[in-house]
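A.B. asks: sequence below, structure please.
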Amino acid sequence: MSQTLLEVRNLRTYLRSGQREVKAVDDISFSIPKGETLCLVGESGSGKSVSALSVIRLLPEGIASHPGGQILFNGQDLLILNDPGIRAVRGSKIAMIFQEPMTSLNPVLTIGEQITEALQIHHPTMSDEEAEQRTMLALEQVQIPQASGRFRDYPHQLSGGQRQRVMIAMALACEPQLLIADEPTTALDVTVQAEILRLMRKLQDDTGMSMLFITHDFGVVAQMAHWVGVMQQGKLVEVGACAEVLRQPKHTYTQQLLAALPENLVKPVIVETSSQRVVAIESTPLLQIRDLKVWFPIKKGVFRRTVDYVRAVDDVSLTIPQGQILALVGESGCGKTTLGRAVLQLEKPTAGSIQINGQELSGLSARQLRPMRQKMQIAFQDPQSSLNPRLLVETALTEPMKVHGIGANKEQRIELASQLLESVQLNRDFLWRYPHEFSGGQRQRIGLARALALNPEFIVCDEITSALDVSVQAEILQLLLSIRQQRNLTLLFITHNIGVVEYLSDHTVVMYQGKIVEQGVTAQICNYPQHPYTQKLLSAVPRLLN
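C.D. replies: Numbering: from 1, shown residues only. Below is the predicted model:
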């Protein structure tokens, strides 16, 4: 066993909210040996991030308290250090990478200024030239392309993956002994995530640092962890070696989390009626897209002349049969969401044809589109921002019904809305609540209910499970399959989660730089990819231990 770097003993972290006290972390103990990684996993609100922030002492003193426990770093209890003492440790010996680099980096300082500032705070005698050289070295370590040219760039000029690399460079610049990484790859594409994880493993091998890695992705756990701790409601319910926890979980909660992963879900058998089978064989496809282009002009100069175009969707053709689920996958910026919005005429196509049940949508006026809106709906990625915070759920569901003449009166529409909530497995009493009174999973169900309110034939689901815990994600996926079976719905499911694709979809389309590079039956695409980009995408997906 390696020498222990960090040992947390019986830690309690309580948070005060008014007169209420929340036991965010309740009597947890774990240790991290030198040069090794402990992954903390669990659902939102389980106490993972609060545990990490307790270690580095970043919780606000007026709200957080530690009524018990010790945090021993190299044998020194961090909880009893005064402010100058913890500042000497924080940043130089223990560093942290936050989940969202865009909100963690200062938007008015260049990335070079931010890294050199961190160096000179912890090394006051370091000259500007030496700090700049160390910063360049740190940027090169994290494989920022053309590091010298990026030194004077601002955070908004970098991609998401590059910003995350800058955060890692800043954390590693002072050569810490312990790196805390709080969901550092959650918002990244699988290919960028794979690069970041490889980079972090390489840096760990090169420097011998330890890591406390927080995530909800068990594939990432399998790649990164030597040890795994599973948290539930502030308690550490299971701790052990990575292979042991993933292959032979002992605690019921760990077993439930692993069983909820898309690759472990049992896909229900779809039983088609004879009439559905005849319709599927004989009728025209529900959605037909031919040679679709969505280009955005790039304007420059005083007169704002168009000098070029961003080809977000470039000559795309695809077909979705009635009652089928087609998954649209690819990295951020490949054109997935733009394609989905163009199908619904929320983004006007530059050229091409879009037909629903043989009805051409391109070129229709707003008045002509209104009756078509009833046939096609969308469920958005973030229900919190897509639901009006000032409207009751009842209003959100009945208002579109009223516009499209569904229901003879208000009482009928309220009854239909109640039935909708029950169809997405929510209580009908929820009609009289506001969106902020629900959890993320409940809001996503309300978003689905709103999409179903007009009894559509086709729904675009735009990354609707990306921000959900694995157990809630499993419930939403099973709900979608159930609704599809009941209503013979057709879905365009936009996602970057290959596990979700394998579980949910019948057919898969892979997009890259605005074009479709491969499409076909999901099992064929996932098991025998033909295009080099599809192969790269699938090889980057973190998998559980075999």
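
A.B. asks: how about the residue nearest the centre of the chain, secondary structure?
C.D. replies: Nearest to the mean C-alpha position of the chain, by C-alpha atoms, centre = their mean, lies residue 466 at 4.0 Å. In the three-state summary, residue 466 is assigned as coil, counting by DSSP: H, G, I helix; E, B strand; the rest coil.

A.B. asks: ok, now which ones touch the residue nearest to it when sequence neighbours are not counted?
C.D. replies: Counting by C-beta to C-beta, 6 or more residues apart in numbering, residue 466 lies nearest to residue 381, which is 6.2 Å off, once chain neighbours are set aside. (Each C-beta comes from the backbone N, C-alpha and C, glycine too.) Contacts for residue 381 were tallied using C-beta atoms under 8 Å, 6 or more residues apart in numbering; they are 462, 463, 464, 466, 467.

A.B. asks: tell me the pLDDT of residue 381.
C.D. replies: The model reports residue 381 with a pLDDT of 81.

A.B. asks: roughly how far apart are it and residue 337?
C.D. replies: For residue 381, the distance to residue 337 under the criterion C-beta to C-beta, to the nearest Å works out to 8 Å.

A.B. asks: got any residues that touch both of these two?
C.D. replies: Common neighbours of residue 381 and residue 337, counting by C-beta under 8 Å, 6+ apart, are 462, 463.

A.B. asks: list the helices and strands the strand ranked longest in the chain packs on?
C.D. replies: Across the chain, the longest stretch assigned as strand under DSSP state E is strand 305-320. Where contact means 3 or more C-beta pairs under 8 Å, 6 or more residues apart in numbering; DSSP states H and E, strand 305-320 is packed against strand 287-300, helix 336-343, strand 507-512, strand 515-521.

A.B. asks: distance to residue 123 and mean neighbour count added to the ones you listed, as JSON lines?
C.D. replies: What follows is the helices and strands packed on strand 305-320, written out as JSON lines (distance: least, C-beta to C-beta, whole Å; neighbours: other C-beta atoms under 10 Å):
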{"stretch": "strand 287-300", "distance to residue 123": "44", "mean neighbour count": "16"}
{"stretch": "helix 336-343", "distance to residue 123": "45", "mean neighbour count": "23"}
{"stretch": "strand 507-512", "distance to residue 123": "44", "mean neighbour count": "23"}
{"stretch": "strand 515-521", "distance to residue 123": "48", "mean neighbour count": "18"}
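
A.B. asks: nearest to residue 23, out of these?
C.D. replies: When the helices and strands packed on strand 305-320 are ranked by proximity to residue 23, the top entry is helix 336-343, at 39.9 Å, counting by C-beta to C-beta.

A.B. asks: re the thing from before, mind listing the strands the longest strand of the chain pairs with, and their directions?
C.D. replies: strand 287-300 (antiparallel) (DSSP bridges).

A.B. asks: coming back round to it: any idea of the mean pLDDT for the longest strand of the chain?
C.D. replies: 91.

A.B. asks: quick check: angle from that strand to helix 336-343?
C.D. replies: Put simply, strand 305-320 runs at 80 degrees to helix 336-343, going by axes from the mean of the first three to the mean of the last three C-alpha atoms, to 10 degrees.

A.B. asks: from the contact counts, what lies against the next helix or strand after strand 305-320?
C.D. replies: Tracing the chain past strand 305-320, the next element assigned as helix or strand by DSSP states H and E is strand 325-329. Helices and strands touching strand 325-329, by 3+ C-beta pairs under 8 Å, 6+ apart, are helix 336-343, strand 490-494, helix 498-504, strand 507-512.

A.B. asks: would you list the ones you listed in TSV and tack on mean pLDDT?
C.D. replies: Formatted as TSV, the entries for these read as follows, by pLDDT from 0 to 100:
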stretch	mean pLDDT
helix 336-343	93
strand 490-494	94
helix 498-504	90
strand 507-512	94
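
A.B. asks: of the ones you listed, which approaches residue 199 most closely?
C.D. replies: Between these, helix 498-504 lies closest to residue 199; by C-beta to C-beta that is 21.3 Å.

A.B. asks: contacting residues around that closest one?
C.D. replies: Surrounding helix 498-504, the residues in contact under the criterion C-beta under 8 Å, 6+ apart are 190, 219, 261-263, 265, 267, 325, 327, 329, 465, 473, 477, 480-481, 493, 495, 508, 522-523, 526, 537-538, 541.

A.B. asks: just the buried ones from these?
C.D. replies: Of the members of the contacts of helix 498-504, the ones counted as buried by neighbours, 16 or more other C-beta atoms under 10 Å, are 190, 219, 261-262, 265, 325, 327, 329, 465, 473, 477, 480-481, 493, 495, 508, 522, 526, 537-538, 541.

A.B. asks: tally of neighbours for residue 171?
C.D. replies: Using other C-beta atoms under 10 Å, residue 171 has 25 other residues around it.

A.B. asks: dump the residue contacts of it.
C.D. replies: Taking C-beta under 8 Å, 6+ apart as the criterion, residue 171 is in contact with 95, 96, 97, 179.

A.B. asks: can you rerun that using 6 Å?
C.D. replies: By C-beta atoms under 6 Å, 6 or more residues apart in numbering, the contact list for residue 171 reads 95, 97, 179.

A.B. asks: one more: residue 177?
C.D. replies: Remark: with contacts taken as C-beta under 6 Å, 6+ apart, residue 177 is in contact with 93, 209.

A.B. asks: what pLDDT does it get?
C.D. replies: According to the prediction, residue 177 has pLDDT 93.

A.B. asks: how close does it get to residue 162?
C.D. replies: Taking C-beta to C-beta, one finds residue 177 at 26 Å from residue 162.

A.B. asks: over to residue 72?
C.D. replies: Residue 72 sits 36 Å away from residue 162 when distances are taken as C-beta to C-beta.

A.B. asks: cool, and residue 301?
C.D. replies: On the measure of C-beta to C-beta, residue 301 and residue 162 end up 29 Å apart.

A.B. asks: from residue 333, how far out is the residue nearest to residue 470 when sequence neighbours are not counted?
C.D. replies: Excluding the flanking residues, the one nearest residue 470 by C-beta to C-beta, 6+ apart is residue 260, at 4.6 Å. Between residue 260 and residue 333 the computed distance is 30 Å (C-beta to C-beta).

A.B. asks: for residue 259, grab the count of nearby residues.
C.D. replies: Tallying neighbours of residue 259 according to other C-beta under 10 Å, which is how burial is gauged here, yields 14.
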